[in-house]
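Colleague: below is the sequence, then the predicted model.
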Amino acid sequence: MKLIGSNTSPYVRKVRVVLAEKKLDYAYELENVWSGDTRIHESNPLGKVPCLVMEDGSTLYDSRVIVEYLDTLSPVCKLLPPNGRDRVDTKTWEALADGVLDAAVLVRLERTLRPPEQQSAAWIERQFVKVNAGLAVMARDLGDSPFCCNNHYSLADVAVGCCLGWLSFRFPEIGWRDDFPNLARLFDKLSERPSFKDTVPHG
């Protein structure tokens, strides 16, 4: 397998963490989708990373699709319950974490791709409302539990950890650590795992 990705993408990091937890071998190819000479469309028509290229040349895209597939490849560290409400709850946590990221990424794109005079303060504020609301729900639903779902490590924690890590990387001014100390405790615990240590965003 080959993963096409970026060291700054939280969605790519989620896939890399899962690959590490599952102890799966893969090649890693860096791609800047914003570069004029990017070739990402040859593998993903949506022009996004992560993109997983299979042994037969077929591709998977969208991090949620990729990690769900990867969890079936090895019995090591099962990250998704097999079915039922537990599986739905885990995927809902993932959707929430990814949704917070989606909103924060839109803010970053607005600020970095548009000149200041063309940026929409109302648009940015709308996205930050989503970020703050999502973080509040994460903290509420985590409560005093050691992990997001059923008191054990799962894909929910991978998604939340990658989300919080990217917010710290790109938006250090968001005071989620002070506002939600239980999320900070979870993040610090996750950050001790080799899979998280080896995929800290940079660039």
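Modeller: Nice, I can see it.
Colleague: ok, for Val49, nearest residue in space, not its chain neighbours?
Modeller: Among residues not flanking Val49 along the chain, Gly5 sits closest, at 4.6 Å (C-beta to C-beta, 6 or more residues apart in numbering). In short, each C-beta sits where N, CA and C put it, glycine included.
Colleague: Leu164 too?
Modeller: The shortest distance from Leu164 to any non-neighbouring residue, by C-beta to C-beta, 6+ apart, is to Phe187 (4.6 Å).
Colleague: contacts for the helix or strand hosting that neighbour next, please.
Modeller: Element membership for Phe187, per DSSP states H and E: helix 181-190. With contacts defined as C-beta atoms under 8 Å, 6 or more residues apart in numbering, helix 181-190 is touched by 135, 138-139, 142-144, 146-148, 157-158, 160-161, 164-165, 176-177, 196.
Colleague: quick one: mean pLDDT for the biggest helix by length in the chain?
Modeller: If you go by DSSP state H, the chain has its longest helix at helix 84-113. Throughout helix 84-113, pLDDT has a mean value of 97.
Colleague: from here on, call the first residue 12.
Modeller: Understood, numbering begins at 12; the last thing we discussed is helix 95-124.
Colleague: what residues of the next helix or strand after that helix count as buried?
Modeller: Moving toward the C-terminus from helix 95-124, the next helix or strand (DSSP H and E) is helix 132-153. Within helix 132-153, the residues that count as buried by 16 or more other C-beta atoms under 10 Å are Ile135, Gln138, Phe139, Lys141, Val142, Gly145, Leu146, Met149, Ala150, Leu153.
Colleague: ok, then the element right after the helix holding Phe198?
Modeller: Where DSSP H and E defines the elements, the next helix or strand beyond helix 192-201 is helix 205-208.
Colleague: ok, residues contacting that following helix?
Modeller: In this structure, residues lying in contact with helix 205-208 by C-beta under 8 Å, 6+ apart are Arg27, Val28, Ala31, Glu32, Gly172, Gly176, Leu201, Ser202.
Colleague: which of those residues lies closest to Val44?
Modeller: Comparing the contacts of helix 205-208 against Val44 with C-beta to C-beta places Arg27 closest, at 16.5 Å.
Colleague: contacts only, for the residue nearest to the closest one when sequence neighbours are not counted.
Modeller: Excluding the flanking residues, the one nearest Arg27 by C-beta to C-beta, 6+ apart is Thr210, at 4.7 Å. The contact partners of Thr210, by C-beta under 8 Å, 6+ apart, come to Arg24, Arg27, Val28, Ala31.
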